[in-house]
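[1] Following is a predicted model, sequence given first.
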Amino acid sequence: MEITAELIAQTVAKILSEGETKVGAAGNGIFEDVDSAATAARTAYNEYLGCTMGFRGKVVQAIRDLASDEENLRYMAEQCVEQTGMGNVPDKILKNRYAALKTPGTEELVTGAWSGDDGLTTIELSPFGVIGAITPTTNPTETIINNSISMLAAGNAVVFSPHPRAKAISIWLVSKINEALDAIGAPANLVSMVREPSIEHTNELMAHKEVNMLVATGGPGIVKTVLSSGKKAIGAGAGNPPVVVDETANIEKAAKDIIDGCTFDNNLPCTAEKEVIAVDAIADLLIFNMQKNGALLITDPEILARLQDLVMDGNRPKTEWVGKSAAAILQGLGITPPPGVRCLSMEVDLMHPFVQTELMMPILPVVRARDVDEAIDWAVICEHGNRHTAIMHSTNVNALTKMGKLLQTTIFVKNGPSFSGIGIGGEGYICFTIAGPTGEGLTSASTFTRKRRCVLVGGLSVR
Ligand code: NAD
């Protein structure tokens, strides 16, 4: 055979591509197809079953160390913003750092017990097996870090299906996690993904025989899909968090908290303030203080209409504007952003699309209600039964109680910014998979377990 330049190039390409395909098998967690990823995850899980709880603690620590490294934090934040075109670097650094350091680990897996004349019975939280986890474009690395720690602390292996737009940074993170786990001698491919995420691959993953549990963090479509899968599924879906402010609130503080929460990562978090319902008596004062905190009030109906045309397509937000800054949106309108602008605000009616739609951009409509009862009723309408997040600024215990009872949200923040509800400046742990539809709440290691009863008859009770 004649050795030509073309033949050499073909041979090199073949060797390289074989090398790539084998990379997953060698343990960097990246696979060319779903079957290989799920099968490798099963092998990893079986091996992990033989590891001690102490070793699981080391696995968690290795992920924490990797993901909280300052250089990695900056890289993840910059790449997420660049690849998805959403959010801002400082807030993403903060979110990833919290995911790395404040996601609970194995300490959460508490054993229950009965002891008595008939012996000793324990209830232990055992792993579910292989989990298929679908992650959103809005928090790509945050969710992978948060889910990996929770799911591996519980003894599972996980195959991620990231949003295609966050593919490259997800591949980077999954490979890095595998590298870190390899360094401590953990089973290969405890965390994995397919190199080319797609809807077809996600569907294949959901149906794969080796996958025992599905976890979807995303919009209503994917939540509905996993819930129809016939497998144990956890759905963490969309929100449209209303903020109610009544006349008993500290209005200056409420305005600052609302703008801080609404502008966090350019309003990407599903928990972030999406619309304000203010009691008439304090609405002007609240809007004045919101302006002092960086809200630009749009009063010209023509600009408002142009803004709606720019960022919405019918009743949906246009993806290209999701997670953009207020300044970028103003520039999109041909308006020079004033210095310090953080969000765009406007007074509108309850049924305005900006109020009723989860926009995920720093556009914050204000609706004026007659009194707190009307404000709460309207908040129920805006939340659409998502049972996700609501915020209230009030010192009236009865009103706070009424709002909590009527909205039935998974997170109810009182007198603080929305992010205090996920443990940033509020008590409690961090979470980026908030399971409202299926009721697990802010997920953590214990969410990804099966309760198993172990019974020893007639002994070991020493009371
Ligand atoms: P999205 O629903 O468009 O995508 C989420 C994930 O599902 C992606 O990985 C995507 O590729 C996949 N996906 C979507 N439709 C699919 C289908 N038909 N078949 C297979 N896979 C499919 O959501 P997004 O824009 O990435 O994220 C924003 C949404 O997620 C918002 O609605 C937000 O409220 C929600 N969210 C919820 C939580 C929570 O914890 N409850 C957290 C973050 C984001």
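    Looks like it arrived, so ask away. These numbers were taken from a predicted model, which means no experiment stands behind them.
[2] Can you pull the phi/psi pair for the closest residue to residue 133 other than its chain neighbours?
    Of all residues not flanking residue 133 in the chain, residue 215 sits nearest, at 4.6 Å (Cβ to Cβ, 6 or more residues apart in numbering). Bear in mind the C-beta positions are built from the backbone N, C-alpha and C, glycine included. Backbone torsions of residue 215, given as degrees, to the nearest 10, read phi -130, psi 120.
[3] And residue 215, how close does it get to residue 159?
    Applying Cβ to Cβ, to the nearest Å, the value for residue 215 to residue 159 is 11 Å.
[4] wouldn't the residue nearest to residue 133 be in contact with residue 231 here?
    No: when contacts are counted by Cβ atoms under 8 Å, residue 215 is not listed as touching residue 231 (10.5 Å).
[5] In the stretch 351-463 of the chain, which residue sits closest to the ligand?
    Closest approach between the stretch 351-463 of the chain and the ligand, counting by Cβ to the nearest ligand atom: residue 434, at 3.6 Å.
[6] Who does that residue form a beta bridge with?
    For residue 434, the beta-bridge partners under DSSP bridges are residue 442.
[7] just to revisit the earlier point, overlap in contacts of residue 215 and residue 159?
    Jointly contacting residue 215 and residue 159 under the rule Cβ atoms under 8 Å, 6 or more residues apart in numbering are 131, 132, 133.
[8] For the second one, report the pLDDT, please.
    The model reports residue 132 with a pLDDT of 98.
[9] Next, it: secondary structure please.
    strand (DSSP: H, G, I helix; E, B strand; the rest coil).
[10] what does this protein put close to the ligand?
    Counting by Cβ under 6 Å from any ligand atom, the residues of the chain lying close to the ligand are 134-139, 161-164, 199, 202-203, 217-219, 221-222, 225, 236-239, 270, 358, 432-434.
[11] For PyMOL, what selects the buried ones among these?
    In PyMOL syntax, the buried subset of the residues of the chain next to the ligand is picked out as below (16 or more other Cβ atoms under 10 Å):
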select buried, resi 134+135+136+137+138+139+161+162+163+202+217+218+222+225+236+237+238+239+270+358+432+433+434
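[12] out of the residues of the chain next to the ligand, which are inside helices?
    Among those, DSSP state H puts 199, 202, 203, 221, 222, 225 in helices.
[13] Report the two of the residues you listed separated the most.
    203 and 221 (12.2 Å; Cβ to Cβ).
[14] can you pull out the helices in the stretch 51-200 of the chain?
    53-68, 70-84, 89-102, 140-153, 167-183, 199-207 (DSSP state H, counting those that start in this stretch).
[15] Ok, which of those helices comes nearest residue 388?
    Nearest of the helices of the stretch 51-200 of the chain (Cβ to Cβ): helix 140-153, 15.7 Å.
[16] now the angle between helix 167-183 and the closest one, please.
    30 degrees (axes from the mean of the first three to the mean of the last three Cα atoms, to 10 degrees).
[17] Give me the domain ranges for the chain.
    25-237+443-453, 242-428 (automatic domain parsing).
[18] all helices of the stretch 351-463 of the chain, in order?
    Counting by DSSP H, counting those that start in this stretch, the helices of the stretch 351-463 of the chain are 353-356, 372-383, 397-407.
[19] Redo these as CSV? Include mean pLDDT, mean neighbour count and distance to residue 115.
    Below are the helices of the stretch 351-463 of the chain laid out as CSV (pLDDT from 0 to 100; neighbours: other Cβ atoms under 10 Å; distance: least, Cβ to Cβ, whole Å):
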stretch, mean pLDDT, mean neighbour count, distance to residue 115
helix 353-356, 98, 20, 55
helix 372-383, 98, 20, 45
helix 397-407, 98, 16, 38
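[20] Can you give me the pLDDT of the residue in the chain that the ligand sits nearest to?
    At 2.5 Å from the ligand, residue 218 is the closest residue in the chain, using Cβ to the nearest ligand atom. Per-residue confidence at residue 218 stands at 96 (pLDDT).
[21] In the stretch 101-250 of the chain, where is pLDDT below threshold?
    Counting by pLDDT under 70, the stretch 101-250 of the chain shows no low-confidence range.
[22] residues near the residue nearest to residue 133, how many?
    29 (other Cβ atoms under 10 Å).
[23] For it, give me its contacts.
    131, 132, 133, 134, 147, 226, 233, 234, 236, 433, 443, 448.
[24] next one: residue 191
    29, 144, 148, 152, 157, 158, 160, 174, 177, 178, 181.
[25] what do you get for residue 123?
    Neighbours of residue 123 in contact, by Cβ under 8 Å, 6+ apart: 111, 112, 113, 451, 452, 453, 454.
[26] Would you mind checking those residues for buried ones?
    So, by 16+ other Cβ under 10 Å, none of the contacts of residue 123 is buried.
[27] Narrow the residues you listed to those in strands?
    Of these, the ones assigned to strands by DSSP state E are 112, 113, 451, 452, 453, 454.
[28] Dump those residues to TSV, plus distance to residue 119.
    Listed next are the ones in strands among the contacts of residue 123 as TSV, based on distance: Cβ to Cβ, whole Å:
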residue	distance to residue 119
112	15
113	11
451	19
452	16
453	12
454	11
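[29] winner for burial among the helices of the stretch 51-200 of the chain?
    Ranked by mean neighbour count, the helices of the stretch 51-200 of the chain are led by helix 140-153 with a mean of 29 (mean count of other Cβ atoms under 10 Å).
[30] The residue nearest to residue 459 when sequence neighbours are not counted: neighbour count?
    For residue 459, the nearest residue in space outside its immediate sequence neighbours is residue 119; the separation is 5.6 Å by Cβ to Cβ, 6+ apart. Residue neighbour count, defined by other Cβ under 10 Å, stands at 14 for residue 119.
[31] Check residue 129 too.
    Neighbours of residue 129 (other Cβ under 10 Å): 20.
[32] and if you look at residue 285?
    Neighbours of residue 285 using other Cβ under 10 Å come to 16.
[33] same deal with residue 462?
    Around residue 462 there are 6 residues (other Cβ under 10 Å).
[34] which residues touch the residue lying closest to residue 58 once chain neighbours are set aside?
    Take residue 58 and drop its neighbours on the chain: the residue closest to it by Cβ to Cβ, 6+ apart is residue 184, 5.4 Å away. Neighbouring residues of residue 184 by Cβ under 8 Å, 6+ apart: 58, 59, 62.
[35] thinking again about what came up before, name whatever forms a beta bridge with the residue nearest to residue 459.
    residue 116, residue 457.
[36] wait, it sits on residue 455?
    Yes: judged on Cβ under 8 Å, residue 119 makes contact with residue 455 at a distance of 6.8 Å.
[37] residues touching the residue nearest to residue 249 when sequence neighbours are not counted, list them.
    Spatial nearest neighbour of residue 249, excluding adjacent residues (Cβ to Cβ, 6+ apart): residue 393 at 3.8 Å. Applying Cβ under 8 Å, 6+ apart, we find residue 393 in contact with 243-246, 249-251, 253-254, 257-258, 414-415.
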